[in-house]
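1. Model the following, please.
(one chain, ligands or ions: 2)
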Amino acid sequence: MEIRIMKEIMEGNDKLAGENRKFFEDNNITAVNIMASPGAGKTSLIMNIIGILKDQKKISVIEGDIASSIDAEKIEKEGITALQINTGGGCHLDANVIKLSVEDLALQKDTLLFIENVGNLICPSAFDLGETLKMVIASVPEGHDKPFKYISMFEAADVIVLSKKDLLPYIDFDKEAFYKGIRAVNQKAPVFEISSKTGEGVKELVDWLVEG
Ligand code: MG
Ligand code: ZN
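-> Ligands and ions are numbered 1, 2, ... in the order given. Next comes the predicted model:
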């Protein structure tokens, strides 16, 4: 597998993000920037969505990780084009690397593009990629306090996913507090409760992504 090595450029991110946004709009591409901490289930959710949608929708995936190509290899086993970016220690993706990756992928019109950001709840929200939607995933074992602690992430979200729902019976997770934390900073984003293990809730999220 070929891996794109990211070189960070500090200036001009917003300009490049604007160019990406225009490209996505002109080609009716829905680009979903998925942000979450490591282990929240980003790749598992992408795999679940692929399982539901691959016969009816063109899907491509950009995988951002500090190192390795494990995630992109998993996606390619599903018959989906995936491109792996290694940031070499960098803790977020930027608009430049997305622009280059999109050129490499030669995306077709009407594609649903998942951009799996580097696992990190802090700085990825500060870098506009030109994406259509920002999706933030928080998993049950991380605890219900995440929206209170990582405000900018939850504030920026267009859609929020509570993952690993199947673990709710085993963990002290206060769902009411979780929603309270979200709504204190973000009144609009819909919240989907899902389990990639059982598949529960994923269909509802997919319907929203496709129709919304
Ligand atoms: Mg992953
Ligand atoms: Zn960063």
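
2. use CA for all of it now, contacts and neighbours both
-> Fine.

3. quick one: the residue of the chain found nearest ligand 2 from Ala82, how far?
-> In the chain, the residue found nearest to ligand 2 is Cys91; the distance is 3.7 Å by Cα to the ion. Distance of Cys91 to Ala82, computed by Cα to Cα, to the nearest Å: 20 Å.

4. now do Ile98
-> Taking Cα to Cα, one finds Ile98 at 13 Å from Ala82.

5. ok, these two, which is more surrounded?
-> Comparing Ile98 with Ala82 by neighbour count (other Cα atoms under 10 Å), the higher total belongs to Ala82, at 25 against 22.

6. Now do the one helix or strand that one maps to: distance to the chain's middle.
-> In this assignment (DSSP states H and E), Ala82 forms part of strand 81-86. Relative to the centre of its chain, strand 81-86 is centred 14 Å away, using Cα atoms, centre = their mean, to the nearest Å.

7. for stretch 40-60, same thing?
-> Stretch 40-60 has its C-alpha centroid displaced from the chain centroid by 11 Å (Cα atoms, centre = their mean).

8. Stretch 166-183 too?
-> The answer for stretch 166-183 is 21 Å, by Cα atoms, centre = their mean.

9. What residues sit buried inside that stretch?
-> Buried residues in stretch 166-183, defined by neighbour count with 16 or more other Cα atoms under 10 Å: Asp166, Phe173, Phe178, Lys180, Gly181, Ile182.

10. Now do the end-to-end distance for that stretch.
-> From its first residue to its last, stretch 166-183 covers 23 Å (Cα to Cα).

11. hmm, who's touching it?
-> Stretch 166-183 has contacts (Cα atoms under 8 Å, 6 or more residues apart in numbering) with 140-141, 143-148, 154-155, 195, 197-198.

12. Name the residues of stretch 45-56 that come out as buried.
-> Using 16+ other Cα under 10 Å as the test for burial, stretch 45-56 gives Leu45, Ile46, Met47, Asn48, Ile49, Ile50, Leu53.

13. quick one, phi/psi of the fifth one?
-> Main-chain dihedrals, Ile49, degrees, to the nearest 10: phi -70, psi -40.

14. same deal with Ser139?
-> Dihedral angles (degrees, to the nearest 10) for Ser139: phi -100, psi 150.

15. pLDDT at it, what is it?
-> Per-residue pLDDT puts Ser139 at 98.

16. Now it: closest residue in space that isn't a chain neighbour?
-> Distance criterion Cα to Cα, 6 or more residues apart in numbering; nearest residue to Ser139, sequence neighbours excluded, is Ser163 at 4.4 Å.

17. That neighbour: what's it in contact with?
-> Residues in contact with Ser163 (Cα under 8 Å, 6+ apart) are Ala40, Gly41, Ile137, Ala138, Ser139, Val140, Glu193, Ile194, Ser195, Ser196.
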